[in-house]
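Predicted model and sequence follow; I will ask about them next.
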Amino acid sequence: MVQTSPVAGPLEGLLVLDMSQFLSGPYASLRLMDLGARVIKIERPDGGDLSRRLYLSDTEIGGDSTIFHAINRGKESLSIDMKNPADMAALKTLIAKADVVIQNFRPGVIQRLGLDYEAVKAINRQVVYAGISGYGEEGPWVKRPGQDLLAQARAGLMWLNGDEHQGPVPFGLAVGDMLAGAAVVQGILAALVRRGISGEGSHVETSLLESLVDFQFEVLTTYLNDGRRLPKRSDFRSAHAYLSAPYGVYATSDSYLAIAMTPISKLAGLLELEELTDYATRPASWFTSRDDIKRIIAERISTQTTAHWLSVLEPADIWCSAVLNWDQLLSSEGFEVLDMLQTVTRDDAVSITTTRSPLRINGVRPLSQRAAPRIGEHSAAIRKEFGL
């Protein structure tokens, strides 16, 4: 079991002002909070972060969506009306005391508010200022909506998923938002280290598009140095556009089995498949005849249970795994030992079970017991503390 302890995180004592909303920026501040930073979420009085109403199902908790709770646990909320001069003056006072400021406004909006990097730097020379956009700060896509599905569409990513006949297949997750948030956290941490050396702050920027391009660096590098030939996905059980058979997911008699990189010559004997004999001695065919080989394997795999095939393949050091759903994952010993779930609460009886930080620091996984805040829940206390 992973050790749990209320010990101080490595970022304890740092103040993060999160002026972002939806997913990418709040995901970044969540990671910083899990590492010990204090995160004050700046929200509009009239509705707050729009993700409070971004529902993934018909479940809401305390009037807010589950996604808002998941990505904003442990933070404080300060209500600020950016059209109110007194509130803007209070926000700038707080900026002067912050270590990190995060924003993900559309390009141009933050300048109109007078809260762009140069304006914030004039208030606080040491601040690490992080901005996340959809497509960067210039070019023809700047004013396009920086939404995850649209960013996936523009990044070419969808042509790596699914079978060849399916057309483009998007990820079933907001992968651009999460990757951009993770990337900006890396930049923030590096800038904080640099600030400790030079005393100067930094401006950290990324976008959904840049993060999705970087996500594809491995296969893009192949494409760029291979005559720019577009990859061709397998038309049967595709799992990777560039990898040969047997790489894929196969239906067994009771569920599914994933098989990764494995020599066909070795797999043929274990599966007792004479039909693979000719392919076994011709490694080039494992790609050129990828679909034919996978169909032969699929027919054989379908005759027995997943447990049976694991008992045959795993002892032979074949890279394979049962394909688990969430119920199976959460009931597994492998997941249980990681201690990745927690229940967070709030003083209005809100209670929600959610995930924990993926990081362990000195063997300890951070523990957060406070649920996501109500809009402006901490405004009075924050204004009193900072003299706003």
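Good, I have the coordinates. Numbering: from 1, shown residues only.

which residue is nearest the centroid of the chain?
The chain has residue 178 as the residue nearest its centroid, 2.9 Å off, counting by CA atoms, centre = their mean.

And the pLDDT for that one?
Residue 178 carries a pLDDT score of 97 in this model.

Can you say which helix or strand has it in it?
helix 175-198 (DSSP states H and E).

which residues touch the residue nearest to residue 234 when sequence neighbours are not counted?
Leaving aside its sequence neighbours, residue 234 sits nearest to residue 290 (CB to CB, 6 or more residues apart in numbering; 5.2 Å). Yep, even glycine has a C-beta here, placed from its N, CA and C like the rest. Contact analysis of residue 290 by CB atoms under 8 Å, 6 or more residues apart in numbering lists 234, 244-245.

picking that back up, would you quantify the distance from the residue nearest to the centre of the chain to residue 27?
6 Å (CB to CB, to the nearest Å).

where in the chain is pLDDT low?
For the chain, the stretches flagged by pLDDT under 70 are 1-7.

domain parsing for it?
For the chain, automatic domain parsing gives the domain ranges 3-215+340-386, 256-322.

Against which helices or strands is the host helix or strand of residue 33 packed?
Secondary structure from DSSP H and E places residue 33 in helix 24-34. On a contact count with 3 or more CB pairs under 8 Å, 6 or more residues apart in numbering; DSSP states H and E, helix 24-34 meets strand 15-18, strand 38-43, helix 66-72, strand 100-103, strand 128-133, helix 175-198.

Could you list the residues in contact with that helix?
The contact list for helix 24-34, computed with CB under 8 Å, 6+ apart, reads 9, 11, 14, 16, 18-20, 37, 39, 41, 49, 51, 71-75, 100, 102-104, 130, 132, 176-178, 180-182, 184-185, 188, 208, 356-357, 359, 366, 368.

Quick check: bridge partners of residue 78?
residue 42 (DSSP bridges).

thinking it is in contact with residue 382, fair?
Yes - the pair formed by residue 78 and residue 382 meets the contact definition of CB atoms under 8 Å, at 4.8 Å.

Quick check: neighbours shared by the two?
40, 94.

In terms of neighbours, single out the busier of the two.
residue 78 (26 against 18; other CB atoms under 10 Å).

so what's the more buried one up against?
Taking CB under 8 Å, 6+ apart as the test, what residue 78 contacts is 40-43, 94, 376, 378-379, 382-383.

Run a quick neighbour tally on the closest residue to residue 25 other than its chain neighbours.
Nearest non-adjacent residue to residue 25, counting by CB to CB, 6+ apart: residue 104, 4.1 Å away. Residue 104: 28 surrounding residues under other CB under 10 Å.

Enumerate every residue touching residue 104.
Contacts for residue 104 (CB under 8 Å, 6+ apart) come out as 20-22, 24-25, 131-133, 146.

go with 6 Å
Contact partners of residue 104, counting by CB atoms under 6 Å, 6 or more residues apart in numbering, are 20, 24-25, 132.

Quick check: closest non-adjacent residue to the residue sitting furthest away from the middle of the chain.
Distance from the centre of the chain peaks at residue 274, with 43.5 Å (CA atoms, centre = their mean). Nearest in space to residue 274, with sequence neighbours left out and distances taken as CB to CB, 6+ apart, is residue 268 at 7.8 Å.

so which strand or helix has that neighbour?
Going by DSSP H and E, residue 268 is in helix 264-271.

now residue 358
Residue 358 belongs to no helix or strand, assigned by DSSP H and E.

that older thread, ok, so what distance separates the residue nearest to residue 274 from residue 312?
13 Å.

higher neighbour count, those two?
residue 268 (23 against 15).

So the more buried one sits against residue 276, correct?
Yes - at 3.7 Å, residue 268 and residue 276 qualify as touching, with contact defined as CB atoms under 6 Å.

Who are the contact partners of residue 81?
Residue 81 neighbours (CB under 6 Å, 6+ apart): 45, 87.

How is it assigned, secondary-structure-wise?
With DSSP: H, G, I helix; E, B strand; the rest coil as the basis, residue 81 sits in coil.

From residue 98, how far out is it?
For residue 81, the distance to residue 98 - CB to CB - is 19 Å.

cool, residue 217 as well?
33 Å.

go on, residue 273?
63 Å.

ditto for residue 309
55 Å.

Next: residue 42.
10 Å.

Same question for residue 284.
58 Å.

Between the two, point out the one with more neighbours.
The residue with more neighbours, out of residue 284 and residue 98, is residue 98; 22 against 9, by other CB under 10 Å.

and the more buried one, which of the three is it?
With three-state DSSP as the criterion, residue 98 reads coil.

do residue 309 as well
helix.

Can you verify my assumption that it contacts residue 258?
No - Residue 309 is not in contact with residue 258 according to CB under 6 Å; the separation is 10.7 Å.

out of these two, which sits in the busier spot?
Under the criterion of other CB under 10 Å, the comparison of residue 309 against residue 258 puts residue 309 first, with 23 against 16.

Check the secondary structure at the nearest residue to that one once chain neighbours are set aside for me.
With sequence-adjacent residues excluded and distances taken as CB to CB, 6+ apart, residue 309 is closest to residue 257, at 5.4 Å. Three-state call for residue 257 (three-state DSSP): strand.

you'd agree residue 257 is up against residue 250?
Yes - counting by CB under 6 Å, residue 257 does reach residue 250; the two are 5.2 Å apart.

ranges for the strands of the stretch 201-350 of the chain?
In the stretch 201-350 of the chain, the strands defined using DSSP state E, counting those that start in this stretch lie at 202-207, 248-251, 256-259, 320-322, 341-345.

Could you say which one of the ones you listed comes nearest to residue 294?
Residue 294 lies closest, by CB to CB, to one member of the strands of the stretch 201-350 of the chain: strand 248-251, at 5.8 Å.

Let me see the residues that make contact with that closest one.
Everything outside strand 248-251 that qualifies as a contact, by CB under 6 Å, 6+ apart, is 237, 239, 256-258, 294, 298, 301-302, 323.
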